[in-house]
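Asks: I'll drop the sequence and a predicted model, then ask my questions.
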Amino acid sequence: MKLFLGINAGNCALFVETLPIAFDIEVKGFKQRSVDTPNNEIVIKGPHEAFVENIRTNTSLIRRIVNNENLIIENLEVGNVTKTKCAVCYIKNIANDDLVGEVKYRLNNLEVDSLLSAGELEQLIADSNILGIPEMISTERPDKVSKYLLNGRVVIIVNGTPYGVIVPAVLIDFLASPEDTNLKVNFANFLRGLRVLATFITLLLPGIYVAITSFHQEILPTGLLYSILASRENVPFPIIVEILIMEISFELIREAGLRVPSPIGPTIGIVGALVLGQAAVSAGIVSPILIIIVAITGIASFAIPDFSFGFHIRYFRFVFVLLGFMAGFLGISLGLFIYISVLCSLRSFGVSYMTPLAPSSNVDGNGYFLPPIWKREYRASYVAPKKAQKQEKFSMKWKFNSNLYHK
Amino acid sequence: MSSSKISTLDAIMLVLTIVVTHTILSLPRNILVSTDSASILNIIYVGIIVIFIGYFIYRLLKTFPSADIIDISEYLGGGLLKTIIGIIFIAYFIITSSILLRNFCESIKIIYYPMTNIIYIVLLFVVAICAANRLDFSASLKTNALIIPLVLGSIIFLFFSNMNQFTPQRMFPIFGKGLLDTFILGLTNLASFGGIVFLYFLPPLLNKPEDMKKITFISIGISAIYLVLCVATLLFMFSFFLDTNEITPLYNATRYIEFGNFFQRLESVFLLIWILAFACYLSIISKFSMRIFQKITNIENKKALIDIFGLLIFGISIFPKNYAVSNMFETKIYPNLVIGIVFVLSISILILANLRKKKQNNNGKENSNA
Amino acid sequence: MPKFLRNLFVFILIIIFVVAFSSSYASLNIDNLAYVLAIGIDTSDENELEVTFEFSTTTAASESGSTEKAKPVINSVKASSLTNAINLMNSYMGKEINMSHCKVIIFSEEFAYQGITDEIYTLTNDTQVRPSAKIIVSKCDAKYYIEQTQAELENSIYKYYEVLTKSSKYTGYIPNSTIGNFFNSSNCKSCQPFAILGGINQSNSQSDSSPTAEQDYSIKANESSIEGKNGTENIGVAVFKNDQLVGELNALETICFLTIENQLDRFLISVPDPVNSGKYLDIYLAPYNYSQIKVDTSTSSPYIKVKLTFSGRIASMSEDSSYLTPKVLDSISESCNHYLESALSSFLYKTSREYNSDINGFGLDALSNFFTVDDVYNYHWLDNYRNAFFDVDIDTKVRSSMLVTET
């Protein structure tokens, strides 16, 4: 019976005389995309290889990088109709057994007819879906996947999607780029700091602008106040309408730019950003200051490396605009309070989402900012790896080998 | 179960929550009024006393591992005492937090929203904490552990950025209103350390119960330093003989911060942080109240309680007729409540329970000997 | 259905809040406010106040980038109290008056002699007025003062008001008096408030043909010979006793006042040239240490010891002078000491004997002599200051001239 399934799937069955069993041999070769450069997670210093749709190619990409017999790739099938192949990858002597067990448990207990992509799987196995905060990273880069595997995480690959899903993920993982470790620490940490700033700007700047101009003009220095007043002199709309018009048209331009056939893509950007913005200002529909605010918010939102997290933040800036309009700073800070509380209550596969901030842990290896490379001795403790240490205390033996010194 | 355990740092921040929220309101002024120029001396003196009291509490609690004051009172006096103590604490928590909320909202109204009815400002807070309380117990504590350091930072920033306005001579005359007022009557400033009420509830919550001693000392120490900073800022900046009463004196101090012509209107940022801290405080207080309530009534369904407690806080906070009444509560009645409940009542329960335990142990020993 | 009900409930709540806060929104919105930059308070007949408000139009930046000067708008109103005046002005302006950007508050001399407590208290009670607003006592009518004040270098008048006292750091002619400090020290039992002295510049026709150095330093507002487009000048200190104006200090006395307060970075004095008698040397002095003040309160006439140290550079240069010999430098230093000692003593005795107003706050330094508040109270510092004795000790070290050392 199993053999029939195999032959249906295009395999070859081998019968050998005198043997009471048959071999189900995978000989099929489908047309498939070849390994290409990553489209959405571009780095400058780092490998330029991306996952493809075929699960075998993907696992081989990972194995090529990890290159160790302890890398376990377990195959599972999800979906009563499609029987989509999924691979759970982990490194046996690093990843926590409970974590691996939990991932397999969730995958094995999915009663769905079909599973078509990693994006669907993410939603199916997430702990909770409160506020749409992403709880696992999906990436198209095999090097990023391998990096997380080596730090004790578990990766799920779904056949048919060029993405690997890394679990568990905490907040700071969404602000880290695979390039960071390839750079010198100073620059990597500068970039990481910049990304935190970008997150706050994206989330709060439009809301704070609305709050300040509607309720708290006394916070503005007089010069800035007069600049804003001067720029708003001919604008007929109240600020909330103005900002909603611009933010929504920004989202429209973004969405349209994504959907149009690629040759016209840049045109949309030019028409949308330059022509529309310039025309709106000279027609006196919106004020130049507001265009600056929207533009900074937009640029900052694209500095967030993770797509789904950036999406989440962009979406919630509208909530903060509304709160700022509703009750100024009071609304914003209460909104922020609820938002932080939600973040604190989240768990991704049992790992608290706000680690290492709350519950705070200043164990080596947990921080958001990177230590110098010779100091990265430990794996993050919140995923409870079996092997905590990943390099010797003196990793640069050539430099600090005491035996050599004394000779 | 493990999700509701809290780490040592969370616990320290928890104890600080109450002192932080009180200093935002009129606490520093009350200290100044009661002890005048000797306030700093008084706070240090009271702080040392509280550290001893804290150690005493720690020793008393140690006899009952992972039991909070409610459990201990059950051990001492059975279900009746447990219910009474539980109700006293719930009433204490809810009433003080509601009145504080009212006072805080009054100041926000005056500063920010002159035309809005106070009811809506209170309601906004209540809605926010009801929403936050639907999350699990540790969420608020973690949020608190994130926000309280911000507040502490803001006070340190306030202190140092106002330094050029300071007149340190104002800490003289050194004994303020006299020795009696500073060291004997000044003991009422024990009420400033009302935050140690959470020590009674910590033992069953802790991740590492052995850190209890550390938590007690560090949290009281930080509270004392924090209070000294707040009081020093006010004392050095403003004439201490000032008979005028200003709402939220620390807010007033933030208005003096300026770095050049551009960076000088930072008070809104401070208020933003303080609102965050206040929301944390309310959510923690109501969560603790609900916890006690669950404990004494064994109600399983928590969801229903959230809105009831929210409404209770809302109701009590709009109850006072005007600011004068609620302010009177905060400045006159509240300190006595703290001293009565936190210091006298709880400690006496602990002492009695300890005596009983000792007696039982002796009896047990005698029995086993016999 | 409960889900629907919950959403409805949330929706209703949002509507309630938007409506509830909309009244505050309407009254605090950046577009609906008129920003006062200066308030002038005069007496008028029948015990009424005449309050003058100065607003400014926005500087509209044109397309080409050039900006035109913002025109100040000056309106005044007579009313029984300050708040009533604001109220009347609201109805006239159509926009609500907001004082959170009020830079200066001007009292006419006449008004200040009657006492300004009520107005100061009212302004401090107002949440909008910032403690950093400057207080000026004008020798002429406040209204006339505001009308005459013009920004010469700045585009808008608010910028002029912001930099008004900046020069005091190196000229020492203007004290930095803000409403916050004024309120604070008028409530203080051991110090007294002061204000900036302002006036109209009218070139004195009756003055002598050749102004002498003494005259340069004895000028006050209203008396200098500055000519310019800006019709006002601010030189000197208005001394208050409790809340009433009691006297004025001229330029040199202001320098003395500010040196004791440690508020000067550098200042210029003209001392008699010890080498060429009859001539004067201009010397830049910079405080070397903080002023040391000792107050003895054993008798009812406080004995106040002031010690100041300066280091100096010679600014003026004439032919045939040699400033590098120690002997000459010493004698110049000596001359400085004499000059400053006599200036300071006469300044201090003026504040105590003539005005009986402890604007320097020596009372604060005396506090450490007491143990309890009652002792302080019983000493009646503010009354006893009249009997104070001063001992001024100046230690000046003139180092050299600047670039040219010998001629």
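Replies: In hand now; what should we look at?
Asks: so what's the backbone phi/psi at the closest residue to chain B within the stretch 51-200 of chain C?
Replies: With Cβ to the nearest Cβ as the measure, C:C188 is the residue of the stretch 51-200 of chain C nearest to chain B, at 3.8 Å. All C-beta atoms are positioned from the backbone trio N, CA, C, and that covers glycine. Here is the backbone geometry of C:C188 (degrees, to the nearest 10): phi -90, psi 140.
Asks: again, but for the one 10 residues further on
Replies: In terms of degrees, to the nearest 10, the main-chain angles of C:G198 are phi -120, psi 160.
Asks: check contacts around it.
Replies: Neighbouring residues of C:G198 by Cβ atoms under 8 Å, 6 or more residues apart in numbering or on different chains: C:I106, C:I136, C:V137, C:S138, C:K139, C:Y145, C:A221, C:T232, C:E233, C:N234.
Asks: looking at the residues you listed, which are in helices?
Replies: In helices, defined here by DSSP state H, the members of these are C:Y145.
Asks: now the residue most central in space within chain A, nearest residue through space, not along the chain?
Replies: By Cα atoms, centre = their mean, chain A has its centre lying nearest to A:D306, at 3.1 Å. Spatial nearest neighbour of A:D306, chain neighbours left out: A:F174 (4.2 Å); criterion: Cβ to Cβ, 6 or more residues apart in numbering or on different chains.
Asks: that neighbour contacts A:F309, doesn't it?
Replies: Yes: using Cβ atoms under 8 Å, A:F174 is in contact with A:F309, at 3.9 Å.
Asks: and the contacts of C:G198 as a markdown table, adding pLDDT, distance to C:S322 and neighbour count?
Replies: Listed next are these as a markdown table, based on pLDDT from 0 to 100; distance: Cβ to Cβ, whole Å; neighbours: other Cβ atoms under 10 Å in any protein chain shown:
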| residue | pLDDT | distance to C:S322 | neighbour count |
| --- | --- | --- | --- |
| C:I106 | 89 | 49 | 28 |
| C:I136 | 89 | 45 | 30 |
| C:V137 | 88 | 46 | 31 |
| C:S138 | 86 | 47 | 33 |
| C:K139 | 84 | 45 | 22 |
| C:Y145 | 85 | 48 | 28 |
| C:A221 | 67 | 39 | 30 |
| C:T232 | 80 | 43 | 26 |
| C:E233 | 80 | 38 | 26 |
| C:N234 | 83 | 39 | 24 |
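Asks: among the contacts of C:G198, which are in reach of chain A?
Replies: Among the contacts of C:G198, no residue lies close to chain A (Cβ under 8 Å from any Cβ of the partner chain).
Asks: now, among the contacts of C:G198, which is nearest to A:V170?
Replies: The closest of the contacts of C:G198 to A:V170 turns out to be C:I136 (Cβ to Cβ; 57.7 Å).
Asks: list the contacts for the closest one?
Replies: Here C:I136 is in contact with C:V104, C:I105, C:I106, C:F107, C:Y145, C:A195, C:I196, C:L197, C:G198, C:N234 (Cβ under 8 Å, 6+ apart).
Asks: sitting in strands, which of these do you find?
Replies: Those of these mapping onto strands are C:V104, C:I105, C:I106, C:F107, C:A195, C:I196, C:L197, C:G198, C:N234, per DSSP state E.
Asks: among the residues you listed, which one sits closest to chain A?
Replies: C:V104 (12.2 Å).
Asks: tell me the pLDDT at the closest one?
Replies: We have a pLDDT of 89 for C:V104.
Asks: ditto for A:L149
Replies: pLDDT for A:L149: 90.
Asks: before we move on, what about C:S300?
Replies: pLDDT recorded at C:S300 is 79.
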